[in-house]
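1. no FASTA, just this:
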């Protein structure tokens, strides 16, 4: 029992307005109520996961895991439910998005944490806040109006001219809709999260370390490269994984620019059909086809499991970092 | 004593070039925001009219005839307000409990971890979960179902944001109140809530902004209708879905109005975002530093 609680108990005997026992009772009742409410988030995760497992059970029961995860053909009418095109579509779009987002995000957050004056930081924060606040569907509109034509008119011809022989960059899709457009939109969407988390991680490095390096004559970049970044490398990786988990589940914005053709992608200019788009486009309709509804919830389950793994790992690493400060 | 720096040294050149690259990266990120806003404004403004925000769709609206999207604006306001209110009922006690009772205990860390995990679950999964639950209960798409699912989406955002600010409350204040004989409950209600009011309001508005823009969670659960909803049990339109559906139209006039709807949604979200910033700056004057 802490000092404070002890004092509190001693004093509770004397104070009488309102009467002490009733105050203590209120406190205990509040504690119990609050505790029960606090169980909600923990229980909610279990309920969501259980509900998906239960609803997807029919399909998990009638097909083997490998049939579902590695099957190439998606024809619900004929009872064929292969998730592979969708899983690969998700992975392609997410990978492109993360690859595009990481270098600028890393540079921006290092600049904001290590170089920038306070004035620039106070300008940068609202910019990131607004980027984070813009709804996904607006990102989708932007992608449709700017990025798809940009990919079609600029990037595709460029790539066709100079990079066509590189396997992942062959231009196959003449419309601009596809993985690259989806990846660019995703990169902008996850940037604010990645930047702010890396910034926070960087600010946990004690200033003494920086001062010591600078005092022996290192330039600022040398200090960052040899002292600061190695200290927080796991945190940076965790921030990127967190961004990736956000990208994996992004639905509407990606759906609007990615083309939605179930095929195995071979190039960033291909169209793809990620899992969230599959759910959004088909769930709630055509429930008369047997197992269709179970298959779509199975897709949601696959998505949930992957995201939970990514999320828990990155959160655990980040908690360790940020608690230390 | 000052040494003359040799700026031709390799490491100084590296320093300079890294700085330039960082500046470029900063410009890219700021430029992306500028580009988004410019695209939405320049394409949305031409078809934005008073009719759009003051009328419900008339017959033939989806073929380019008259009307507006008042049904979606009102619907989104209902959905986000309801969802935010519901989420608030849970998240204020959780945030207070985390601060006043749990502090940095192990159980507190578990609760925070579970909130982070919930935050990471994509809204499409909440939407699918909600719809699966609705089938089980025999409900159909309705305002109420949309509100409940939005509350699930908003709960972790709101609670984590509150927890972040509440955690920064000076420990002295809490100790002073305890030393005067307050119970923990009294600390939570009379000290933490008052001191941290600006942060709590910011968190609520942040979650409201997320809620009003979220499409994937209301896609199956709230449905869509051309009328203004009058009952919790009826389906309702929402702005993100109004944007989404109109963009899929083969008629250019309808697509144009989809851009205008996106502009309306963006304006609302930005107003909420700046409003919360302004409000919290104002209220912050009254809390103890």
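-> Here it is on my side, so go on. Fair warning: this is a prediction, and the values are worked out from it, not measured in the lab.

2. ok now do the nearest residue to residue B:72 once chain neighbours are set aside, which residues does it touch?
-> Closest residue to residue B:72 apart from its sequence neighbours, by CB to CB, 6 or more residues apart in numbering or on different chains: residue B:242 at 3.7 Å. C-betas here are computed from N, CA, C, even on glycine. Contact analysis of residue B:242 by CB atoms under 8 Å, 6 or more residues apart in numbering or on different chains lists B:69, B:72, B:258, B:261.

3. now, the most widely separated pair of those?
-> Pairwise distances across these (CB to CB) peak at 10.9 Å, for the pair B:72 and B:258.

4. what's around residue B:155, how many residues?
-> Number of residues near residue B:155 (other CB atoms under 10 Å in any protein chain shown) recorded here: 26.

5. so what's the backbone phi/psi at residue B:224?
-> Note on residue B:224: its backbone torsions stand at phi -160, psi 140 [degrees, to the nearest 10].

6. That one contacts residue B:241, correct?
-> Yes - using CB atoms under 8 Å, residue B:224 is in contact with residue B:241, at 5.8 Å.

7. Who has more neighbours out of these two?
-> Shown here are residue B:224 and residue B:241; by other CB under 10 Å, residue B:241 has more neighbours (23 against 18).

8. Next, the contact list for the more buried one, please.
-> When contacts are counted by CB under 8 Å, 6+ apart, residue B:241 touches B:72, B:215, B:218-219, B:222, B:224.

9. possible to save those residues as CSV with pLDDT and secondary structure?
-> Compiled in CSV, those are given as follows (pLDDT from 0 to 100; DSSP: H, G, I helix; E, B strand; the rest coil):
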residue, pLDDT, secondary structure
B:72, 92, helix
B:215, 90, coil
B:218, 90, helix
B:219, 88, helix
B:222, 88, coil
B:224, 87, coil
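
10. For those residues, which single residue is the most surrounded?
-> residue B:218 (34 neighbours).

11. What ranges in the stretch 101-250 of chain B fall below the confidence cut-off?
-> Filtered on pLDDT under 70, the stretch 101-250 of chain B yields no residues whatsoever.

12. What is the burial count for residue B:117?
-> Residue B:117: 19 surrounding residues under other CB under 10 Å.

13. need the residues of the stretch 51-200 of chain A near chain B, please.
-> Selection of the stretch 51-200 of chain A residues close to chain B by CB under 8 Å from any CB of the partner chain yields A:51-52, A:55, A:103-105, A:107-108, A:110-111, A:115, A:124, A:126-131, A:133-142, A:144-146, A:188, A:191, A:195.

14. mind running it again at 6 Å?
-> For the stretch 51-200 of chain A, the contact set with chain B under CB under 6 Å from any CB of the partner chain comprises A:51, A:55, A:104, A:107-108, A:111, A:127, A:131, A:133, A:135, A:137-138, A:141-142, A:145-146, A:188.

15. Which of those fall in helices?
-> Counted as lying in helices by DSSP state H, out of those, are A:51, A:55, A:104, A:107-108, A:127, A:131, A:133, A:137-138, A:141-142, A:188.

16. ok, the residues you listed vs residue A:150, which is closest?
-> Using CB to CB, residue A:142 is the member of these that sits closest to residue A:150, with 10.8 Å.

17. where do the helices sit along the stretch 51-200 of chain B?
-> Using DSSP state H, counting those that start in this stretch, the helices of the stretch 51-200 of chain B run over B:70-97, B:106-120, B:123-137, B:143-167, B:171-179, B:184-186, B:193-195, B:197-213.

18. now swap in the stretch 201-325 of chain A and tell me
-> Taking DSSP H, counting those that start in this stretch to define them, one finds helices in the stretch 201-325 of chain A at A:207-215, A:220-223, A:229-249, A:252-257, A:275-282, A:292-324.

19. Closest to the centroid, which residue in chain B?
-> Ranked by distance to the mean C-alpha position of chain B (CA atoms, centre = their mean), the top residue is residue B:210 at 2.0 Å.

20. hang on, that one packs against residue B:155?
-> No - using CB atoms under 6 Å, residue B:210 is not in contact with residue B:155, being 10.8 Å away.

21. What's the biggest helix in chain B, counting residues?
-> In chain B, taking DSSP H as the definition, the longest helix is helix B:10-44.

22. now, the most widely separated pair of the contacts of residue B:241?
-> Spatial extent of the contacts of residue B:241 (CB to CB) is set by the pair B:72 and B:219 at 13.5 Å.

23. For the residue in the stretch 151-300 of chain A that chain B sits nearest to, give me the pLDDT.
-> Chain B sits closest to residue A:249 of the stretch 151-300 of chain A, with a gap of 2.4 Å, by CB to the nearest CB. Looking at residue A:249, its pLDDT is 91.

24. Leaving out sequence neighbours, find the closest residue to it.
-> residue B:122 (2.4 Å).

25. For residue A:290, see how far away the one you found is.
-> According to CB to CB, to the nearest Å, residue B:122 stands 27 Å off from residue A:290.

26. same check, this time on residue A:193
-> Taken as CB to CB, the span from residue A:193 to residue A:290 is 40 Å.
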